[in-house]
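Participant: What follows is a predicted protein model with its sequence.
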Amino acid sequence: MYEALLKNLQERGVTLVAVSKTHSIERILELYQRGQRDFGENRVQELLEKAPHLPADIRWHLIGHLQTNKVRYITPFIYMIHSVDSSRLLEEIEKQAAKIGRTIDCLLQFHIAEEETKYGLSEDEADELLQSASFKAMRHVRLCGVMGMATFTDDTEKVRAEFRHLRNIFERLKRVYFAEAPYFRECSMGMSSDWEIAVEEGSTMVRIGSLIFGPRSK
C-alpha cells in the first residue's frame, strides 16, 4: 500500500507526511528504511520520547494542537509546525526560535469544518495576524502555507467544499501577502479517509496514518 500511495502522490507533486502517532519506533524505522522521511506527530510528549531514538534526518512535522508552554521543547529540531492557530502561538515560536538562532517553517491552521472541537483561525483573524506589527517584525518564523481538517463525515461533497474553501484561502493569502515569497506554497489537507478528495482540490501535503501503519497502537 505504501509504495503505491507514495508513487501516486509523487506523480502529483504532493508530499506524504506519515502520521506515526501511537506507533512504535520500530514501525517508524521500517518505513524510514523504505525511504520515508516526513513523519507527523500530534503530541509533543510522544514526539520527544521518539525523536532521540530515530535517525537525525527525519523531518518531523507537529500536526496536533500546540500549547505555547510546549514550544521550547521542539524548536531545536522540528521541521514544520502545521498547527499555528493564534498570534500568541506564533509569537512564542518566534521567541524560542530566536533564542537558538533557527528559522522554523510554520503553517496557519484554519477552522474549515463544522465540528467545534477542531482548532483553527478564521480568515479575519489571519488577516489581523498578517497585518500586525509583531508579525512583520518576526525573523525566525517562516509561514509556508495553510493547514485544515475537513468535517468527519460520509458526505463527500461537504468534505470537497471545505477543502476547496481552504485552497481558496491559501490562494488569497498568497496573492495578498506572499506574492513575492516562493516558500509560501503548502496547502496541507487530507488524511487517510479523504486524501483523494483533498488532492483533487489542490492539496500539496497529505497527513496519512492508518492507511500506511494500520490501526493505531494502544
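Facilitator: Arrived safely.

Participant: Phi and psi next, for the residue sitting nearest the centre point of the chain.
Facilitator: The residue lying closest to the centre of the chain (C-alpha atoms, centre = their mean) is His82, at 3.0 Å. With angles defined as degrees, to the nearest 10, His82 sits at phi -90, psi -20.

Participant: OK, contacts around it?
Facilitator: 40, 61-63, 106-107, 109, 147, 188, 207 (C-beta atoms under 8 Å, 6 or more residues apart in numbering). Yep, even glycine has a C-beta here, placed from its N, CA and C like the rest.

Participant: same check, this time on Lys50
Facilitator: By C-beta under 8 Å, 6+ apart, Lys50 lies in contact with 20, 25, 28, 41.

Participant: so the first one sits right up against Glu41, yeah?
Facilitator: Same thing as Ser20. Yes: applying C-beta atoms under 8 Å, one finds Ser20 in contact with Glu41, separated by 6.3 Å.

Participant: on that earlier part again, strands - which of the contacts of His82 land there?
Facilitator: Of those, the ones assigned to strands by DSSP state E are 40, 61-62, 106-107, 109, 147, 188, 207.

Participant: out of the residues you listed, what pair is the most spread apart?
Facilitator: Across those, the longest distance by C-beta to C-beta is 15.3 Å; it joins Cys106 and Arg207.

Participant: Just the pLDDT for Gln131.
Facilitator: The confidence metric pLDDT takes the value 98 at Gln131.
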